[in-house]
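Visitor: Provide a 3D model corresponding to the input given below.
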Amino acid sequence: MLDTFSGATRVIYIVGDPIAQVKSPSGVTAMLRDRGADAVVVPAHVAPADLATWVAATRLMRNCDGVIVTVPHKFAAGPLCDGVSAQ
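Guide: Numbering: from 1, shown residues only. Next comes the predicted model:
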């Protein structure tokens, strides 16, 4: 298991509004690290009115490997995605 982060660490966001209640950042990060991935899941508190702008900015981040979408953004995020998965 990796126990450090570096400049090469990959980022996966979980976006919602509110976001403080989510439990998955630590659990998914632990799973990724246990599998040897140099990655971290980071919560992003983004208001619905700012979602499209945030997604556009996130696309510019070359170390972002994806976004997990939670309430209230699940339906609004669909048209903004390059692709989706059932996971």
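
Visitor: pLDDT value on the most centrally placed residue in the chain, please?
Guide: By CA atoms, centre = their mean, the chain has its centre lying nearest to Tyr13, at 1.4 Å. For Tyr13, the pLDDT comes out at 97.

Visitor: likewise Leu2?
Guide: Reported pLDDT for Leu2: 67.

Visitor: Rounded mean pLDDT for stretch 25-41, please.
Guide: The average of the pLDDT scores along stretch 25-41 is 95.

Visitor: Using CSV, write out every CA atom in that stretch.
Guide: The C-alpha trace of stretch 25-41 is given here as CSV (Å, rounded to 0.1, in the frame of the first residue of the first chain):
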residue,chain,number,x,y,z
PRO,A,25,-13.2,9.9,-0.1
SER,A,26,-11.3,8.0,2.6
GLY,A,27,-12.7,4.6,1.7
VAL,A,28,-12.2,4.9,-2.1
THR,A,29,-8.7,6.4,-1.6
ALA,A,30,-7.8,3.5,0.7
MET,A,31,-9.0,1.0,-1.9
LEU,A,32,-7.0,2.7,-4.6
ARG,A,33,-3.9,2.9,-2.5
ASP,A,34,-4.2,-0.8,-1.5
ARG,A,35,-4.2,-1.6,-5.2
GLY,A,36,-1.0,0.3,-5.7
ALA,A,37,-2.5,3.4,-7.3
ASP,A,38,-0.9,6.8,-6.6
ALA,A,39,-4.4,8.4,-6.4
VAL,A,40,-6.6,10.3,-3.9
VAL,A,41,-10.3,11.1,-3.9
